[in-house]
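Enquirer: what's the 3D shape of this:
(chains A, B, C and D)
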4 protein chains.
Amino acid sequence: MANFKGHALPGSFFLLFGIWWSVKYPFRQCWKRSHLQGRKRLPLLFDRIDFVEGSLKIFFAFVGIMAEQFVPDGPHAHLYDRQGNAWVKLMNWQHSTMYLFFGISGVADLLSMSSLPVPLGIDRLGLALALFVEAFLFYFHVHNRPHLDMHIHSLLLVAVFGGAASTFLEVFKRDHPILESLRSSLAILQGTWFFQIGFVLYPLNGPEWDLEKHDNIMFVTMCFCWHYAVALMIVAVNYTIVWFAMQKCTRRETSDMEIGLRKTLSPSDASSQKALLHDSEEE
Amino acid sequence: MANFKGHALPGSFFLLFGIWWSVKYPFRQCWKRSHLQGRKRLPLLFDRIDFVEGSLKIFFAFVGIMAEQFVPDGPHAHLYDRQGNAWVKLMNWQHSTMYLFFGISGVADLLSMSSLPVPLGIDRLGLALALFVEAFLFYFHVHNRPHLDMHIHSLLLVAVFGGAASTFLEVFKRDHPILESLRSSLAILQGTWFFQIGFVLYPLNGPEWDLEKHDNIMFVTMCFCWHYAVALMIVAVNYTIVWFAMQKCTRRETSDMEIGLRKTLSPSDASSQKALLHDSEEE
Amino acid sequence: MANFKGHALPGSFFLLFGIWWSVKYPFRQCWKRSHLQGRKRLPLLFDRIDFVEGSLKIFFAFVGIMAEQFVPDGPHAHLYDRQGNAWVKLMNWQHSTMYLFFGISGVADLLSMSSLPVPLGIDRLGLALALFVEAFLFYFHVHNRPHLDMHIHSLLLVAVFGGAASTFLEVFKRDHPILESLRSSLAILQGTWFFQIGFVLYPLNGPEWDLEKHDNIMFVTMCFCWHYAVALMIVAVNYTIVWFAMQKCTRRETSDMEIGLRKTLSPSDASSQKALLHDSEEE
Amino acid sequence: MANFKGHALPGSFFLLFGIWWSVKYPFRQCWKRSHLQGRKRLPLLFDRIDFVEGSLKIFFAFVGIMAEQFVPDGPHAHLYDRQGNAWVKLMNWQHSTMYLFFGISGVADLLSMSSLPVPLGIDRLGLALALFVEAFLFYFHVHNRPHLDMHIHSLLLVAVFGGAASTFLEVFKRDHPILESLRSSLAILQGTWFFQIGFVLYPLNGPEWDLEKHDNIMFVTMCFCWHYAVALMIVAVNYTIVWFAMQKCTRRETSDMEIGLRKTLSPSDASSQKALLHDSEEE
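Expert: Got it, this is the predicted structure:
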């Protein structure tokens, strides 16, 4: 994995999930807000979405483990080389371990979505543990490397530990819009930062970076903040788009409802109904 | 205690308690879930179980202290050797101290289970303090040792401090199923990790480990995550088993109840009663 | 910015905002307390105040970024000097980044004040992130400097990280008077401490400080506590002033109301009305 | 203060307050428990006790500051010696600063007890800040000292920071019996540990301790846990004593009440009244 692609791949997944969450959660919040007066349970659609998300997590985790193990220079499921008295490709094994926990998180998602009596919040615990394990392994991963390499990876840890802590809070404060946005933004940050690590350590074209220069470290620290500013912007833009789209759909629905209502109710009643709708939106 | 048995013994206890908790708490949760409509108080059985658990803790703590003090090469309750101007067997004294706090935790369990007006949550505080003291003593325990020895013990600290923090949260969020599962899994992790420490530092058969090799440290870090994956699996399997067993018992009870009901109620009423039962299960 | 003015400027802003908050929040609390029986929504005045505050934040952030970029010895929006193979004026870029996040916090303030369906608490998250980013950049800012310089900046971090944590708590405990006072006092502390840093590192008149002397470090640590004592006093004094002023206004209002009431109600009713008012004040 | 008395004095105060709290809070809890059915407000007695406590804090803080300043070898309110170009007796100034914050905490106690509309929880914030400042100053206090000296002081920090954190939690979880017991026990721990520091660093009679020996550090760490076990025991014993005393008083009161009741009510009513009392006790 010590090349650009090895950082771009996990980066893409975190970016994907981050962006996806920044669409899913506002969608769900807006739905709740606009359907307050109707039924309380979310429609089956949301369950199906969660089902797909959980399955994808498991699938990606499985593919990731297989790829790490059976790429040409992988360990091929050998852990210890008795002849050479050495561990075989520990890096690949560590990455497999990370994927394993994201797979477990996927299983927890599926379970908590199913009709089984699983304790509420097990999906958030699963994700928090997966992020914690990722950060935990990275933390002991980067010793004895050049200064900039260590620093750029330890910045990643800020995003990952932050994500783990924020997701763990969600166990207790489920469906809290701020925590959901925070998680989305931190996932996007992690994704783009993986790309940044790739660009810095394995530049595609152009000169190599001086891994010991202090100015580079200062720039990279600042650059991390810029990435987060961009992540926040993406979350905000997606929130706005989802809200506008929902607004349109709801209005059409409302006007359909009104047409139906006009047939049965007097106009004054229909307007009070409309007022009610607006009221629950404003809340 | 610097041998394999010295690590296997505490490991067994933590493993035992972890597995026990991973059975007890799901049992209690399932009971509550299926008896919602009936009486609110848990049956005496649960109180008796807690009584046994607390008593066992005190008993084990007492035995542990006695063993540490009066093994042939123990301190025999001598703390300071005035002739030699030296402390006597501080390791054994430290272990005794750890056991003492688990004993205090056992007393807190008994008190909180009794009918005395003890503040709610004192059992969790007692356990959190016992785990904190264990981690606290281990933290200052492992200086000036080979690199791998220090690392493998500091990984243990992650499990113990994590358990202390999670148990302290339970003071405020009592009977939270996620926290209870977390505590069970961390206790199992601690148990199996004690065994792992024993296998690594005092290999039963086979070659000694190189305590300074960096690859060994990397492997051990990863291995810790595998232990946790196994611990999570054990908790999940026990939860499932308990749930299925309870399901069966409840069904039998329900059908008994229905037979009773059919005699007194009309069939339609009985079915609504059944629907109610299912409802409370789904919740 | 490595001069006295460069520390006095940010110091003034934090001092200003701290003092402003120590007036605004008691004002709002007293208002709520004395108007409990009336309408529940805060009057438009508060929204307008928040609007001005948010706009000022954005304005100051914009001016700050422009100033950092386009002062004579600034980077003039150049980031990398290809000829010299070096980053251009990274300090100025870092300060710009800090201002950027305070600007984002200002945008979050405006959004959360508007009638748009923004998740509640996004203004506090914005401020917490801005403070976190400030502390984060400062943390990696001060390596390789004389001992006293590092120490005096790391004391600043206590105030900034403390402020970030306390503001993040406000996401969940909105309108908590203690947290609001804590935030105000930490902002004032940060403001006065910036001045202190300026006085110590770039003394206006008088001798230079010995940056390696241990006694200076001890004094500075203690001095930080004195600054906080002063900050607490300012918050307390402002609270008292606001409360007395509000008391007077409310009394006048109440007596006006009573005059109106006396015309329409019997004296006994009016007195019960008065009792009600006192009751809600006491609560 | 670098002698035995200098550690015994603050130790006595913390011990005193810890023991006092371990009596006051159980007393208050038992009172609430047994007077549930009656009036909800605590009697004036409690307010008077809090008034005395706050006043004592301010008095002790004032005396402490005066003593630190005006002992024969104190700074006599001189901060900087312009001739010698040196700070005057910084240790005494640091201790004065600590006392100042406990004085502020005392003022916060008085304010929160008064009828003024002070935000609820300001007394806990004041105490948390005082403990934080104490720990903060101690943290930078103990550099460049022998190993055991540093270690024994850093153990003190565990008690003080723990106390600060637990007291800060009380801002949000007011009147939580577990947090109150935790605070009492940590205050007692701090008190007895001050004495222990005095005994170790300035032995009254007997040989000096070897400040670099590793075994001494190990013993001191363990000894800290023993102190905490004793502190927990003191809290438990005081709780029991208070509860038994209250029990007796309540019973007498109850039987007095019953005598009164028997005169006016039928026996069956009186017994139901008694059942009610027992019920509220059990809860």
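Enquirer: from residue A:55, how far off is the closest residue in space to residue A:99 that isn't next to it in sequence?
Expert: Of all residues not flanking residue A:99 in the chain, residue A:64 sits nearest, at 3.9 Å (CB to CB, 6 or more residues apart in numbering or on different chains). Any C-beta I mention is one placed from the backbone N, CA and C, and that applies to glycine too. As judged by CB to CB, to the nearest Å, residue A:64 and residue A:55 stand 15 Å apart.
Enquirer: give the buried residues for stretch A:80-99.
Expert: Neighbour counts over stretch A:80-99 (16 or more other CB atoms under 10 Å in any protein chain shown) mark A:87-90, A:92-99 as buried.
Enquirer: make JSON lines from those and add pLDDT and secondary structure to it.
Expert: As requested, the buried residues of stretch A:80-99 are exported to JSON lines (pLDDT from 0 to 100; DSSP: H, G, I helix; E, B strand; the rest coil):
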{"residue": "A:87", "pLDDT": "89", "secondary structure": "strand"}
{"residue": "A:88", "pLDDT": "88", "secondary structure": "coil"}
{"residue": "A:89", "pLDDT": "87", "secondary structure": "coil"}
{"residue": "A:90", "pLDDT": "88", "secondary structure": "helix"}
{"residue": "A:92", "pLDDT": "89", "secondary structure": "helix"}
{"residue": "A:93", "pLDDT": "93", "secondary structure": "helix"}
{"residue": "A:94", "pLDDT": "92", "secondary structure": "helix"}
{"residue": "A:95", "pLDDT": "91", "secondary structure": "helix"}
{"residue": "A:96", "pLDDT": "93", "secondary structure": "helix"}
{"residue": "A:97", "pLDDT": "95", "secondary structure": "helix"}
{"residue": "A:98", "pLDDT": "94", "secondary structure": "helix"}
{"residue": "A:99", "pLDDT": "94", "secondary structure": "helix"}
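Enquirer: tell me, how many residues neighbour residue A:52?
Expert: For residue A:52, the count of nearby residues is 10 (other CB atoms under 10 Å in any protein chain shown).
Enquirer: my reading is that it lies in a strand. Confirm?
Expert: No. Counting by DSSP: H, G, I helix; E, B strand; the rest coil, one finds residue A:52 to be helix, located in no strand.
Enquirer: wait, residue A:149 sits on residue A:201?
Expert: Yes. Using CB atoms under 8 Å, residue A:149 is in contact with residue A:201, at 6.3 Å.
Enquirer: what does the stretch 151-283 of chain A have sitting close to chain C?
Expert: Applying CB under 8 Å from any CB of the partner chain, we find that the stretch 151-283 of chain A lies next to chain C at A:158, A:173, A:176-178, A:181-182, A:214-219, A:221-222, A:225-226, A:228-229, A:232, A:243, A:281-282.
Enquirer: just the buried members of these?
Expert: Buried residues within those, counting neighbours by 16+ other CB under 10 Å: A:158, A:176-178, A:181-182, A:216-219, A:221-222, A:225, A:228-229, A:232, A:243.
Enquirer: and those, which of them are in helices?
Expert: Secondary structure from DSSP state H places A:158, A:177-178, A:181-182, A:216-219, A:221-222, A:225, A:228-229, A:232, A:243 of those in helices.
Enquirer: run through the residues that contact the residue of chain A found nearest chain C.
Expert: Closest approach between chain A and chain C, counting by CB to the nearest CB: residue A:177, at 3.4 Å. By CB atoms under 8 Å, 6 or more residues apart in numbering or on different chains, the residues touching residue A:177 are A:25, A:29, C:119-120.
Enquirer: so which of the residues you listed wins on neighbours?
Expert: Top of the contacts of residue A:177 by neighbour count (other CB under 10 Å): residue A:25, with 23 neighbours.
Enquirer: and the pLDDT at the spatially closest residue to that residue that is not a sequence neighbour?
Expert: Nearest residue to residue A:25 in three dimensions, chain neighbours excluded: residue A:180, at 4.1 Å (CB to CB, 6+ apart). Listed pLDDT for residue A:180 reads 95.
Enquirer: surely residue A:180 meets residue A:27?
Expert: No. Contact status for residue A:180 versus residue A:27: not in contact, 11.0 Å apart, counting by CB under 8 Å.
Enquirer: next, the nearest residue to residue A:89 once chain neighbours are set aside: secondary structure please.
Expert: Excluding the flanking residues, the one nearest residue A:89 by CB to CB, 6+ apart is residue A:75, at 4.0 Å. Assigned with three-state DSSP, residue A:75 falls in the coil class.
Enquirer: number of residues surrounding residue A:75?
Expert: Neighbours of residue A:75 using other CB under 10 Å come to 20.
Enquirer: cool, residue A:50 as well?
Expert: 19.
Enquirer: repeat that for residue A:126.
Expert: Neighbour count of residue A:126, defined by other CB under 10 Å: 25.
Enquirer: thinking again about what came up before, of residue A:180 and residue A:27, which one has the most company?
Expert: Per other CB under 10 Å, whichever of residue A:180 and residue A:27 has more neighbours is residue A:180, with 24 against 19.
Enquirer: residue in chain A nearest to chain B?
Expert: Going by CB to the nearest CB, chain B is nearest to residue A:119 of chain A, at 3.4 Å.
Enquirer: before we move on, the earlier item: can you report phi and psi for the residue nearest to residue A:89?
Expert: Reported as degrees, to the nearest 10, the phi and psi values for residue A:75 are phi -80, psi -10.
Enquirer: do you have the strands of chain A handy? List them.
Expert: A:80-81, A:86-87 (DSSP state E).
Enquirer: my read is that residue A:168 contacts residue A:121, right?
Expert: No. Counting by CB under 8 Å, residue A:168 stays clear of residue A:121, with 9.8 Å between them.
Enquirer: so between residue A:149 and residue A:201, which is more surrounded?
Expert: Neighbour count, other CB under 10 Å: between residue A:149 and residue A:201, residue A:201 has more, with 21 against 17.
Enquirer: how about the nearest residue to residue A:195, chain neighbours excluded?
Expert: Residue A:195's closest residue in space is residue A:11 (CB to CB, 6+ apart), at 4.6 Å.
Enquirer: count residues in the vicinity of the one you found, would you?
Expert: Summarising burial for residue A:11: neighbours were counted as other CB under 10 Å, giving 19.
Enquirer: quick one: it from residue D:248, how far?
Expert: 70 Å.
Enquirer: residue A:210 too?
Expert: Between residue A:210 and residue D:248 the computed distance is 79 Å (CB to CB).
Enquirer: for residue A:54, same thing?
Expert: Applying CB to CB, the value for residue A:54 to residue D:248 is 61 Å.
Enquirer: and these two? which has more neighbours close in?
Expert: Neighbours per residue, other CB under 10 Å: of residue A:54 and residue D:248, the larger number sits with residue A:54, 22 against 10.
Enquirer: residues contacting the nearest residue to residue A:163 once chain neighbours are set aside?
Expert: Sequence neighbours aside, residue A:186 is the residue nearest to residue A:163 in space, at 4.1 Å (criterion: CB to CB, 6+ apart). Going by CB under 8 Å, 6+ apart, residue A:186 touches A:18, A:159, A:162-163, A:166, A:231.
Enquirer: nothing else from me, thank you.
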